[in-house]
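Visitor: prediction below, plus the sequence it came from.
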Amino acid sequence: APAAPDASTPDSPKQRPQTMFADATGTSGFSVQSMRQIMHRPLTPMRDADAAATAELWFDPTLRDAICIYLDRRPCGAIVVNGRLHQNAAFRDGMIEHMSLVPGGRPCYCGQRGCMDAYCSPETLPEDYESLPGFFSVLEQGETHHRERMNEWLDRVAQAIANVRSVIAGDVIVGGEAAQYLDDDDIADLKSRVAKLSPFGGDDLRLRRGLCMDGQPALGAALSLIGDWLDANSCR
């Protein structure tokens, strides 16, 4: 049987009747109803983070409570509760990217200032005209200024994680483009920084790298539609 398409979108699809806005891509005014008519199929909008987290759940059925943080150029987050993705009708669960990290700080594309996005996006790491792979290549060589930038960035990411864990004390899964460049030592370093910011220490903190798969949001979006069928037919 044909499956209904699922559309994953960066940021929060702010919904009006039959309208979806994906602010991070500048596609304001995109009509879900128009796309449904073109495709002749039902269409379900889904945030990138939710779709990526769905893939995490599929490949790790033991996952119970977790905060999924995707450090892409537009960071995003998702929440897993009791082994299921937690979503509401407004598509705003897990939007860690717009928590106020530095009140009155750098401008964010959402119109506010000091959001987590403005400090934890990997776009803040490279110097002018430097690529992200180039940044991490120079970092591996021990260049001082790159290490300083990396330390500042890790501190900001750790603060964001500590803030979320003060409300939801679940596992932490770190994914996205930047996570592809983090080795085991970097993950251990990040965990240590989070633990130091927690009033409860880090004894119960489980922080790990996510799947970091190419096309993970697209895969997760598909699994949200056909996962139950695959399970019922022993296809996991």
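Guide: Looks like it arrived, so ask away.

Visitor: quick check: phi and psi on the residue nearest the centre of the chain?
Guide: The centroid of the chain falls nearest to residue 70 when counting by Cα atoms, centre = their mean (2.6 Å). The phi and psi values for residue 70, taken as degrees, to the nearest 10, are phi -110, psi 110.

Visitor: correct me if wrong: it contacts residue 49.
Guide: Yes - between residue 70 and residue 49 there is a contact under Cβ atoms under 8 Å: 5.5 Å. Yep, even glycine has a C-beta here, placed from its N, CA and C like the rest.

Visitor: how far away is the residue nearest to the centre of the chain from residue 201?
Guide: Distance, residue 70 to residue 201, using Cβ to Cβ, to the nearest Å: 26 Å.

Visitor: repeat that for residue 225.
Guide: Per Cβ to Cβ, residue 225 is found 41 Å from residue 201.

Visitor: so these two - more neighbours on which side?
Guide: The residue with more neighbours, out of residue 225 and residue 201, is residue 225; 16 against 9, by other Cβ atoms under 10 Å.

Visitor: so how many other residues sit close to residue 123?
Guide: With neighbours defined by other Cβ under 10 Å, the count for residue 123 comes to 15.

Visitor: contacting residues around the residue nearest to it when sequence neighbours are not counted?
Guide: Excluding the flanking residues, the one nearest residue 123 by Cβ to Cβ, 6 or more residues apart in numbering is residue 73, at 5.2 Å. Shown in contact with residue 73 (Cβ atoms under 8 Å, 6 or more residues apart in numbering): 121-123, 177.

Visitor: what about these, which one has the most neighbours?
Guide: Among the contacts of residue 73, the one with the most neighbours (other Cβ under 10 Å) is residue 121, at 23 neighbours.

Visitor: pLDDT score assigned to residue 233?
Guide: On pLDDT, residue 233 comes in at 89.

Visitor: quick check on it: phi, psi?
Guide: When read as degrees, to the nearest 10, the backbone of residue 233 gives phi -110, psi 20.

Visitor: could you do residue 225 as well?
Guide: phi -100, psi -40.

Visitor: repeat that for residue 74.
Guide: Main-chain torsions, residue 74, degrees, to the nearest 10: phi -120, psi 90.

Visitor: surely it is in contact with residue 122?
Guide: No - judged on Cβ under 8 Å, residue 74 makes no contact with residue 122 at a distance of 10.0 Å.

Visitor: ok, back up a step: just the contacts of residue 73: which are in strands?
Guide: Assignment to strands by DSSP state E places none of the contacts of residue 73 there.

Visitor: excluding chain neighbours, what is closest to residue 124?
Guide: By the measure of Cβ to Cβ, 6+ apart, the closest residue to residue 124 outside its immediate chain neighbours is residue 153, 6.3 Å from it.

Visitor: the one you found: which element?
Guide: Assigned by DSSP states H and E, residue 153 belongs to helix 144-165.

Visitor: what mean pLDDT does that helix get?
Guide: Mean predicted confidence for helix 144-165 is 97.

Visitor: and that helix, what does it pack onto?
Guide: In terms of contacts (3 or more Cβ pairs under 8 Å, 6 or more residues apart in numbering; DSSP states H and E), helix 144-165 is packed against strand 66-70, helix 116-120, helix 132-140, strand 171-175, helix 184-197.

Visitor: among the ones you listed, which comes closest to residue 97?
Guide: Closest to residue 97 of the helices and strands packed on helix 144-165, according to Cβ to Cβ: helix 116-120, at 4.3 Å.
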